[in-house]
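Peer 1: coordinates only, sequence not included:
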């Protein structure tokens, strides 16, 4: 199973992303702020970090650096719920439609989502 840590202070956006990924068969645990996200990042087993770019003090790029040190790839969420950027190790964020999110997670982890029978 692919475990995703979702860190997004905007509750409405967090719910949309959670629902999108859960319906695609991923296990998603969400944090409502970066402080909670940092604790979960350091104490859990994650395949992907999905995080807002910045808010509340500890910013998304700082969280992404911590994830990178743990070997966890990061997907950045733009403030606009339609566009999502993926940060590759040597690249810049590129925009993707929300509908492509599950496919992008799959391409990063190279693991299929788990579907309940």
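Peer 2: Received, thanks. What you see is a predicted model; the values in this text were computed from it and never measured. Numbers count the residues shown, from 1 in each chain.
Peer 1: check residue 50 and give its pLDDT.
Peer 2: Residue 50 carries a pLDDT value of 93.
Peer 1: surely it touches residue 75?
Peer 2: Yes - applying Cβ atoms under 8 Å, one finds residue 50 in contact with residue 75, separated by 4.8 Å. For glycine as for every other residue, the C-beta is placed from the backbone atoms N, C-alpha and C.
Peer 1: of those two, who's got more company?
Peer 2: Set side by side, residue 50 and residue 75 show more neighbours around residue 50, with 29 against 22, by other Cβ atoms under 10 Å.
Peer 1: between residue 50 and residue 75, which contacts overlap?
Peer 2: Residues touching both residue 50 and residue 75 by Cβ atoms under 8 Å, 6 or more residues apart in numbering: residue 105.
Peer 1: contacting residues around residue 49?
Peer 2: Counting by Cβ under 8 Å, 6+ apart, residue 49 makes contact with 4-5, 7, 41, 63-64, 67, 72-75.
Peer 1: part of a helix, is residue 25?
Peer 2: No - counting by DSSP: H, G, I helix; E, B strand; the rest coil, residue 25 falls outside a helix, being coil.
Peer 1: gap between it and residue 50?
Peer 2: 15 Å (Cβ to Cβ, to the nearest Å).
Peer 1: what's the burial count for residue 39?
Peer 2: Counted with other Cβ under 10 Å, residue 39 comes out at 11.
Peer 1: excluding its backbone neighbours, what's nearest it?
Peer 2: residue 31 (8.0 Å; Cβ to Cβ, 6 or more residues apart in numbering).
Peer 1: just residue 73 next, same as before
Peer 2: Take residue 73 and drop its neighbours on the chain: the residue closest to it by Cβ to Cβ, 6+ apart is residue 108, 4.8 Å away.
Peer 1: I'd guess the one you found is in a strand, am I close?
Peer 2: No - read with three-state DSSP, residue 108 is helix and lies in no strand.
Peer 1: now the helices for this protein?
Peer 2: For the chain, the helices defined by DSSP state H cover 11-23, 34-43, 60-69, 101-109.
Peer 1: quick revisit: tabulate the contacts of residue 49 (TSV), appending pLDDT.
Peer 2: Formatted as TSV, the contacts of residue 49 follow (pLDDT from 0 to 100):
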residue	pLDDT
4	96
5	97
7	93
41	96
63	90
64	90
67	94
72	94
73	92
74	90
75	86
